[in-house]
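A.B. asks: My questions are about this predicted structure, shown below with the sequence.
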Amino acid sequence: MRLEGVKIGMRVKTAGRLGNTGGMFVGKKHLDARKPRKNGKVVGHVPGHGGDVLWVSHNDDTVGAYMFNELDPA
């Protein structure tokens, strides 16, 4: 998905293949929560990443940080 298409509150599904998290400044629990093909909702932007990294609340109540291009509309 393009960055302009991602909106707070939007239901999404994470990509089947996730990218590298080396440049993400987030806690380990949010990196560990990242899973491919997982449904959730965009709940905000991760501070310090220029809007490219977003918080996604999954249906199992975990929250992961994802790049905008790792998300598809659900």
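C.D. replies: Okay, I see it.

A.B. asks: so residue 31 sits in a helix?
C.D. replies: Yes. Assessed with DSSP: H, G, I helix; E, B strand; the rest coil, residue 31 lies in a helix.

A.B. asks: ok, it touching residue 24?
C.D. replies: Yes. The pair residue 31 / residue 24 is scored as a contact, 6.9 Å apart, by CB atoms under 8 Å. (Glycine included, C-beta is placed from N, CA and C.)

A.B. asks: Need the residues touching each of the two.
C.D. replies: Taking CB atoms under 8 Å, 6 or more residues apart in numbering as the contact rule, residue 31 and residue 24 both touch residue 65.

A.B. asks: So which of these two has more stuff around it?
C.D. replies: residue 24 (19 against 12; other CB atoms under 10 Å).

A.B. asks: Let me know the helix or strand that the most centrally placed residue in the chain is in.
C.D. replies: Centrality entry for the chain: nearest residue to the mean C-alpha point is residue 66, 2.8 Å, by CA atoms, centre = their mean. Using DSSP states H and E, the element containing residue 66 is strand 63-67.

A.B. asks: For the nearest residue in space to residue 14 that is not next to it in sequence, grab the count of nearby residues.
C.D. replies: What sits nearest to residue 14 in space, not counting adjacent residues and going by CB to CB, 6 or more residues apart in numbering, is residue 38, at 4.8 Å. When neighbours are defined as other CB under 10 Å, residue 38 has 20 of them.

A.B. asks: Touching, residue 38 and residue 63? I think so.
C.D. replies: No. In terms of CB under 8 Å, residue 38 does not count as a neighbour of residue 63; the distance is 11.3 Å.

A.B. asks: got a pLDDT number for residue 1?
C.D. replies: In this prediction, residue 1 carries a pLDDT score of 80.

A.B. asks: Nearest residue to it in space, ignoring adjacent ones along the chain?
C.D. replies: Leaving aside its chain neighbours, residue 1 sits nearest to residue 71 (5.3 Å; criterion: CB to CB, 6+ apart).

A.B. asks: How many residues are close by the one you found?
C.D. replies: Counted with other CB under 10 Å, residues neighbouring residue 71 total 21.

A.B. asks: Make sure it is actually in contact with residue 52.
C.D. replies: No. If you go by CB under 8 Å, residue 71 and residue 52 don't touch, sitting 11.2 Å apart.
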